[in-house]
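1. I would like to see how this sequence folds:
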Amino acid sequence: MSSAALDTNAPVEPPPPGAFANMLVGKRRRMRTVSAGQKVPAGAVVSATAKPDKKKTKGKKGKQQEGSCNPNVPANTAIPIFLKKTYKMIDTCDPAVAGWTEDGEMFVVKDPNLFANDIIPQYFDHNKFSSFARQLNFYGFRK
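-> Got it, this is the predicted structure:
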């Protein structure tokens, strides 16, 4: 091995300005949980953004990447895996447990315990609703 490969004092280049600017784009999102048996009050919504687009767009070098139809978002913006899994999870979930609002802008978790015990482990390596909610908060979702 060369000593250059083990040099821990070598300068580290910082990322270019704006490298993470597109990580959180779009409107702020809201999330709401509803206890079992409760009716969803008017305006009780979970996500103030539309469902992620499944439309594919051409990125640089002809490589297929998922993008958005939003004109404010660059076409080569990739959708994070967590958001893809969450979309699929809510889209395929039993409507009695969780589902999209009528306008498709938000989702509601109607039975958090059943959601955490049965649905979350199918898509993620845990069954904790609080961990799922924390990850949603990271991506801008709000209650």
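2. could you point out which element follows the helix or strand of the chain with the lowest mean pLDDT?
-> Here the helix or strand of the chain ranked lowest by mean pLDDT, DSSP states H and E is strand 64-66, holding a mean of 47. Once the chain leaves strand 64-66, the next helix or strand it forms, by DSSP states H and E, is helix 81-92.
3. tell me which residues of that following helix are tucked away?
-> 83, 86-87, 89-90 (16 or more other C-beta atoms under 10 Å). C-beta: built from backbone N, CA, C; applies to glycine.
4. kindly report the same for stretch 134-143.
-> By neighbour count with 16+ other C-beta under 10 Å, stretch 134-143 contains the buried residues 135-136, 139-141.
5. biggest separation within those residues, which pair?
-> Pairwise distances across the buried residues of stretch 134-143 (C-beta to C-beta) peak at 11.1 Å, for the pair Q135 and G140.
6. R134 sits in which helix or strand?
-> Per DSSP H and E, R134 falls inside helix 129-138.
7. wait, what's in contact with V97?
-> Taking C-beta atoms under 8 Å, 6 or more residues apart in numbering, we find V97 in contact with 109-111, 114-115, 118-119.
8. pLDDT score assigned to it?
-> As predicted, V97 sits at a pLDDT of 95.
9. likewise T86?
-> Looking at T86, the pLDDT reads 94.
10. would you agree K128 is in contact with N117?
-> No - with contacts defined as C-beta atoms under 8 Å, K128 does not count as touching N117, sitting 10.1 Å away.
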